[in-house]
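Enquirer: no sequence for this one, just the structure:
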């Protein structure tokens, strides 16, 4: 299944890379304020589904662009959770921070994750119980004891004035207590970066399952922790996630619990 998911991710990346050479020809639609979809997102998602569906015709799909197919509420199902282009706004502007994200949920548990960066040709993979890898080399979260030495990632989904105010308060708290906070624009890559030690922690609210399914498995299989702002584990449902190595995770929860 991992090999098939990697094949699907590379197929989507080929669609994305071809389009990146002529961004002026990319058709853009605004789903809601500052939330965009392009014809590239749609074509990349279709490429992924075609590969997976051919191999596993009985499996269900939850895609950012195409929605649900099959009975995704039945925990006996295999459900592929797909974000064909995480970081669409970055892609539209030629900012090289975006990725393909594919995860497999088996009986309600994420068991496989692939995050592929088509710009850097970085392939992050994880299987439950088998570790996390970057380009076939084992990766681990950084063993950092104190948040004071951490480089953190975050994100913000455009929303209400209240949501923006909350985000800015969280940013002020974490920026003051860490080495720095980066908002690069792709949750999937931010989580992959935590898994391989490029970031020491990551937090964001109001995400969707396809934003975090694959990346959160990378983190946990790399020895880190992923959870909600209150320390609970239902981040796939709430969309609110903190991910980091064990000690930094505990400190981030302590700092951000008031925003749970």
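Expert: Structure's in. What do you need? Keep in mind that this is a model prediction, so the values were computed, not measured.

Enquirer: For the stretch 101-250 of the chain, which segments count as strands?
Expert: All strands of the stretch 101-250 of the chain, identified by DSSP state E, counting those that start in this stretch, fall at 109-117, 122-127, 132-134, 137-138, 151-154, 180-182, 201-204, 225-227, 241-244.

Enquirer: so can I have CSV of those strands showing distance to residue 48 and mean neighbour count?
Expert: Bear in mind the C-beta positions are built from the backbone N, C-alpha and C, glycine included. Below are these laid out as CSV (distance: least, Cβ to Cβ, whole Å; neighbours: other Cβ atoms under 10 Å):
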stretch, distance to residue 48, mean neighbour count
strand 109-117, 10, 24
strand 122-127, 15, 23
strand 132-134, 20, 22
strand 137-138, 25, 9
strand 151-154, 25, 22
strand 180-182, 28, 16
strand 201-204, 23, 27
strand 225-227, 23, 22
strand 241-244, 23, 28
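
Enquirer: With distance to residue 50 and mean pLDDT as added columns, please give these in a markdown table.
Expert: Shown next, in a markdown table, are the strands of the stretch 101-250 of the chain (distance: least, Cβ to Cβ, whole Å; pLDDT from 0 to 100):
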| stretch | distance to residue 50 | mean pLDDT |
| --- | --- | --- |
| strand 109-117 | 16 | 97 |
| strand 122-127 | 20 | 98 |
| strand 132-134 | 25 | 98 |
| strand 137-138 | 30 | 98 |
| strand 151-154 | 32 | 98 |
| strand 180-182 | 35 | 98 |
| strand 201-204 | 30 | 98 |
| strand 225-227 | 30 | 98 |
| strand 241-244 | 30 | 98 |
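
Enquirer: With residue 82 as the reference, name the closest of the ones you listed.
Expert: Nearest to residue 82, of all the strands of the stretch 101-250 of the chain, is strand 109-117, at 10.1 Å by Cβ to Cβ.

Enquirer: about what we covered before: so which of the strands of the stretch 101-250 of the chain gets nearest residue 233?
Expert: Among the strands of the stretch 101-250 of the chain, strand 225-227 sits nearest to residue 233 (Cβ to Cβ), with 5.5 Å.

Enquirer: Just list what that closest one packs against, helices and strands only.
Expert: Here strand 225-227 touches helix 209-221, strand 241-244, helix 246-256, going by 3 or more Cβ pairs under 8 Å, 6 or more residues apart in numbering; DSSP states H and E.

Enquirer: what's stretch 101-111 in contact with?
Expert: With contact meaning Cβ atoms under 8 Å, 6 or more residues apart in numbering, stretch 101-111 is reached by 1, 5, 8-9, 48, 75-83, 86, 112-115, 127-128, 188, 210-211, 213-217, 236.

Enquirer: For ChimeraX, write the selection for the buried entries among these.
Expert: In ChimeraX syntax, the buried subset of those is picked out as below (16 or more other Cβ atoms under 10 Å):
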select :1,5,8,9,48,77,78,79,80,81,82,83,86,112,113,114,115,127,188,210,211,213,214,215,216,217,236
